[in-house]
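Q: my questions are about this predicted structure, shown below with the sequence.
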Amino acid sequence: MSYGFKIIVEGDYALFTRPDTKVERTSFEAPTVSALEGLIKSVYWKPAIRIIIDKIIVFNPIKFINIRRNEVKSKISLSAVKSQMKGIGNAEIYTDDDRSQRAGMILKDVRYGVEFHFELTGIRSEHSDECEEKHYNIFLRRLKNGQCFRQPCLGCREFSVKKIELVEDFDLSEISEELKGDIDLGYMLYGMRFKDGGVPINNDWENPKFSDKADAVYYHPHMIDGVIDIAKYREGIIC
């Protein structure tokens with residue numbers, strides 16, 4: 001039995017930030033794999049499963065728009081969060097004192113098809129009924145009912161997904177004529193590769209401890225007639 005899904009995602013705006021333009025943000029022409037993984041995890045996720053993107057279909061013409069928006073300049077440090085968890089200090093940022101206005105070149109009127117599946121990670125819950133079929137049925141029900149535990153977004157939290165639709169197959173005739181042919185998307189962020197490789201560093205699956213150290217992984221995709229075949233590039237990604 002196949003435990004994969006096909007969904008269509010729509011939104012008014014999207015921002016998949018290029019790593020080299022974080023100050024004045026500029027979006028990639030197409031979604032990054034890690035951004036779509038995060039979107040899907042907003043619908044359903046458990047430590048026991050790993051989301052794997054197999055194919056991305058870009059339906060609408062690629063359109064950019066320039067905007068200016070307020071952003072917070074600083075990040076809350078991990079040490080501050082740990083201290084607050086111990087009841088020492090406060091992990092706070094006052095936005096009125098730490099706000100700056102920045103430009104951004106974002107995508108508008110986006111519509112994507114996403115083909116994905118999931119695999120078990122080896123982490124088990126306290127329940128003994130942990131299996132692929134259980135997670136598949138939960139995933140299927142939540143996608144059919146439009147359920148999510150947080151608002152899915154397209155790259156940045158303020159660019160919410162307008163619609164997620166579960167489909168049997170994609171109608172490739174709906175792909176814009178502007179996207180026909182071979183479009184070189186250049187080097188794009190694929191995701192983060194953690195040092196532990198998904199295996200507990202203490203070798204204890206009952207009480208696992210994982211490393212938080214990771215390297216960015218990049219790949220060089222081509223969009224052929226609006227379709228990015230992620231599975232084809234997965235073995236040749238560049239770290």
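A: Structure's in. What do you need? These figures come from a predicted structure and were not determined experimentally.

Q: for the most centrally placed residue in the chain, report the pLDDT, please.
A: Nearest to the centroid of the C-alpha atoms of the chain, with distances taken as CA atoms, centre = their mean, sits Ala35, at 2.2 Å. We have a pLDDT of 94 for Ala35.

Q: and it, how close does it get to Met188?
A: 10 Å (CB to CB, to the nearest Å). Just so you know, the C-beta spots here come from the backbone N, C-alpha and C atoms, and that holds for glycine as well.

Q: with Tyr3 instead?
A: 26 Å.

Q: now swap in Ala14 and tell me
A: From Ala14 to Met188 the distance is 14 Å (CB to CB).

Q: show me the contacts for Pro19.
A: In this structure, Pro19 makes contact with 189, 216, judged by CB atoms under 8 Å, 6 or more residues apart in numbering.

Q: what lines up beside the strand ranked longest in the chain in the sheet?
A: Longest strand in the chain, counting residues (DSSP state E): strand 99-120. Here strand 99-120 is paired, per DSSP bridges, with strand 4-14 (antiparallel), strand 25-26 (parallel), strand 49-58 (antiparallel), strand 64-72 (antiparallel).

Q: ok, residues contacting the longest one?
A: Defining contact as CB under 8 Å, 6+ apart, one finds that strand 4-14 is touched by 27, 31, 39-40, 54, 59, 65, 106-117, 139-140, 143, 152, 154-155, 159-170.

Q: identify each buried residue in it, please.
A: 5-11, 13-14 (16 or more other CB atoms under 10 Å).

Q: how about the helices of the chain, start to end?
A: Along the chain, counting by DSSP state H, helices occupy 33-41, 78-85, 132-145, 230-233.

Q: ok, back up a step: which among the contacts of strand 4-14 end up buried?
A: For the contacts of strand 4-14, buried by 16+ other CB under 10 Å: 27, 31, 39-40, 54, 59, 106-107, 110-117, 139, 143, 152, 154-155, 159, 161, 164, 170.

Q: list of residues touching stretch 168-178?
A: With CB under 8 Å, 6+ apart, stretch 168-178 has contacts from 6, 8, 57-62, 113, 115, 225-227.

Q: next one, pLDDT for Ile123 please.
A: The confidence metric pLDDT takes the value 74 at Ile123.

Q: quick one: residues contacting Lys209.
A: Applying CB under 8 Å, 6+ apart, we find Lys209 in contact with 200-202.

Q: please name the nearest non-neighbouring residue to it.
A: Once flanking residues are discounted, Lys209 sits nearest to Asn202: 4.7 Å by CB to CB, 6 or more residues apart in numbering.

Q: quick one: low-confidence parts of the chain?
A: Across the chain, the ranges flagged by pLDDT under 70 are 1-2, 125-129, 197-199, 205-206, 236-239.

Q: the residue lying closest to Ala80 once chain neighbours are set aside: neighbour count?
A: In space, and not counting its chain neighbours, Ala80 is closest to Ala91: 4.2 Å by CB to CB, 6+ apart. If you count neighbours by other CB atoms under 10 Å, Ala91 ends up with 14.

Q: now swap in Val81 and tell me
A: Val81 is flanked by 11 other residues according to other CB under 10 Å.

Q: if I pick the residue nearest to it when sequence neighbours are not counted, what's in contact with it?
A: Sequence neighbours aside, Ala91 is the residue nearest to Val81 in space, at 4.7 Å (criterion: CB to CB, 6+ apart). Taking CB under 8 Å, 6+ apart, we find Ala91 in contact with 76-77, 80-81, 83-84.
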